[in-house]
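# My questions are about this predicted structure, shown below with the sequence.
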Amino acid sequence: MRLPLHIATDQLKNQVRQRLKGRRRYPYVLMLEPLYTCNLACIGCAVERHTGKLKDRLPLEQCLLAVDESGAPTVSICGGEPTIYPELPELVAGIIARKRHIYLCTNALLLDSKLFGRIPPDKRLTINVHLDGMRETHDYVTAREGVFDKAVEMLRECKRRGYHTTINMTIFKETEVEEIEEVCRFVSDLGIDGILMSPGYHYESIERDIFLTRRDIQQKFERVLEISDRYRITSTPMFLEFAAGKREYDCSPWSTVTRTPLGWKGPCYLIGKRFYDTFEEFWSETDWDYWESRQDDLCQNCAMHSGFEASVVRNLHRSPKDVLRLARWHLTG
């Protein structure tokens with residue numbers, strides 16, 4: 001299957017449960033950023049996301065409260081670099097005890113010292129390693145030589161130790177379309193369980209012009225769409241068609257909610273217009289109609305899976321053909 005069966009069925013159960021409660025909007029994924037401390041300063045990352053002090057991290061109990069409040073069946077632990085978080089073993093254990101699924105998003109540099117031997121493999125835990133290209137490209141994006149080689153070493157070790165392991169590739173302006181398939185072929189040979197691709201776009205104040213316009217995204221994702229049947233790409237075919245400019249969706253910014261050391265980030269994972277002290281304030285005070293419409297200037301070049309994969313799901317009822325296509329996609333990974 002494209003995704004593990006228990007992840008797909010838990011997402012489906014959550015959607016049915018929420019619909020029975022009459023809710024049109026509800027979180028699919030919690031992006032949990034327990035710290036803004038990182039061991040890299042990638043060129044596509046806003047400064048505040050990698051320069052935070054460790055003492056300013058979210059306490060463990062606040063992290064677990066966010067899991068409870070969001071109700072999302074999937075928790076993506078990111079940051080910062082989450083392997084630096086001192087309470088990571090307790091956080092992972094607490095989320096698993098709540099029967100949620102975890103994507104631990106990491107640059108992989110500290111997996112051998114911070115994760116192996118401390119956090120055992122579990123069917124609810126996925127190690128999601130950032131890999132933004134082959135050696136030259138990835139080391140350029142991470143602004144340090146040797147990061148690609150270390151990430152590949154850790155990918156091999158994760159698979160050897162029995163972890164469910166995926167990669168997350170951000171496609172930038174400099175990313176050549178031929179390299180996209182080269183990465184897919186390379187990690188497939190490593191036995192990686194899934195490939196998530198995201199278009200990089202200019203959502204923060206970042207000096208380097210490495211981000212994609214909407215037209216750039218469409219051109220590059222036309223190629224991703226062409227090769228998607230050959231590799232275990234975890235983006236749905238309907239989302240890939242959207243990114244390639246072949247269909248349109250409103251955004252679903254509420255589907256991926258974000259808890260950070262500064263509070264609940266609104267309106268979405270990428271755009272921090274305001275930080276809220278409580279989940280209820282965030283949920284009730286965000287103008288969802290406005291942000292769904294994509295009329296804001298910050299939304300014009302966005303085609304991120306965090307905003308639009310849920311849009312695919314909530315529009316399935318309009319097309320039985322899409323329902324069958326999505327089921328076939330799940331079964332043929």
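Alright, I've got the coordinates.
# host element of A327?
Using DSSP states H and E, A327 sits in helix 320-331.
# And the strands in the stretch 151-300 of the chain, which stretches?
164-171, 194-199, 256-260, 263-267, 272-276 (DSSP state E, counting those that start in this stretch).
# do you know which of those lies nearest I127?
With C-beta to C-beta as the criterion, I127 lies closest to strand 164-171 of these, at 4.9 Å. To be clear about C-beta, it is placed using only N, CA and C from the backbone, and glycine gets the same treatment.
# so what strands line up beside that closest one?
Sheet pairing for strand 164-171, assigned by DSSP bridges, gives strand 125-130 (parallel), strand 194-199 (parallel).
# worst average pLDDT in those?
Looking at the strands paired with strand 164-171, the lowest mean pLDDT belongs to strand 194-199 (a mean of 92).
# Run through who's touching it.
The contact list for strand 194-199 (C-beta atoms under 8 Å, 6 or more residues apart in numbering) reads 2-3, 126, 128, 166-171, 180, 183-184, 187-188, 212, 216-217, 220-221, 224, 231-235, 243, 303-305, 333.
# List only those of the residues you listed flagged as buried.
2-3, 126, 128, 166-171, 180, 183-184, 187, 212, 216-217, 220-221, 224, 231-235, 243, 303-305 (16 or more other C-beta atoms under 10 Å).
# Next, the contact list for L5, please.
By C-beta under 8 Å, 6+ apart, L5 has no neighbours at all.
# re the thing from before, dump the strands of the stretch 151-300 of the chain to a markdown table, plus distance to R17.
Listed next are the strands of the stretch 151-300 of the chain as a markdown table, based on distance: least, C-beta to C-beta, whole Å:
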| stretch | distance to R17 |
| --- | --- |
| strand 164-171 | 25 |
| strand 194-199 | 25 |
| strand 256-260 | 17 |
| strand 263-267 | 22 |
| strand 272-276 | 25 |
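# Show me which of these has the highest average neighbour count.
Among the strands of the stretch 151-300 of the chain, the stretch with the highest mean neighbour count (mean count of other C-beta atoms under 10 Å) is strand 256-260, at a mean of 26.
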